[in-house]
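Enquirer: my questions are about this predicted structure, shown below with the sequence.
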Amino acid sequence: MQRVRIKYTLDGCFHEGDCRKVCLVPHVLDTVIKGRAVNTEIPIGPDCTRCGLCVDTCPTGSLKFDIKGLSKLL
Ligand code: SF4
């Protein structure tokens, strides 16, 4: 099980696609295309390498690292 993943939050996303330009496996970010998101918070799929480039690039903070179980520790 992967403890660290990228989570997409629809709120605030401008759908400009900067994240898809820097990602080496951009199909995992298809969900950020306008009209594609099926939920307001979506974990990015298993092909994501968790390199963090999209997190650094996103101007609105809509892509963030998500650490499973962290809320149980804090
Ligand atoms: S963390 Fe890297 S591989 Fe994963 S979606 Fe972001 S840019 Fe793509």
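Expert: Noted; the coordinates are in hand. Numbers count the residues shown, from 1 in each chain.
Enquirer: tell me the SS of the nearest residue to Cys54 once chain neighbours are set aside?
Expert: In space, and not counting its chain neighbours, Cys54 is closest to Cys19: 3.7 Å by Cβ to Cβ, 6 or more residues apart in numbering. No exception for glycine: its C-beta is placed from N, CA and C like everyone else's. Following DSSP: H, G, I helix; E, B strand; the rest coil, we place Cys19 in the helix state.
Enquirer: could you report the pLDDT at Cys19?
Expert: With respect to pLDDT, Cys19 scores 98.
Enquirer: identify the residues contacting it.
Expert: For Cys19, the contacting residues are 29, 32, 53-54, 57-58, 63, by Cβ atoms under 8 Å, 6 or more residues apart in numbering.
Enquirer: Gln2 and the ligand, how far apart?
Expert: 11 Å (Cβ to the nearest ligand atom, to the nearest Å).
Enquirer: gap between the residue nearest to Cys54 and Tyr8?
Expert: 9 Å (Cβ to Cβ, to the nearest Å).
Enquirer: and for the two, which residues touch both?
Expert: 29, 32, 63.
Enquirer: how about the strands in this structure?
Expert: Taking DSSP state E, the strands of the chain run over residues 4-9, 41-43, 63-67.
Enquirer: average pLDDT for the second one?
Expert: Meaning strand 41-43. Across strand 41-43, the per-residue pLDDT values average to 95.
Enquirer: how far does it sit from the chain's center?
Expert: With Cα atoms, centre = their mean, to the nearest Å as the basis, strand 41-43 stands 7 Å off its chain's centre.
Enquirer: now swap in the first one and tell me
Expert: The gap between the average C-alpha position of strand 4-9 and the chain average comes to 4 Å, counting by Cα atoms, centre = their mean.
Enquirer: give the buried residues for that strand.
Expert: Buried residues in strand 4-9, counting neighbours by 16 or more other Cβ atoms under 10 Å, are found at 5-6, 8-9.
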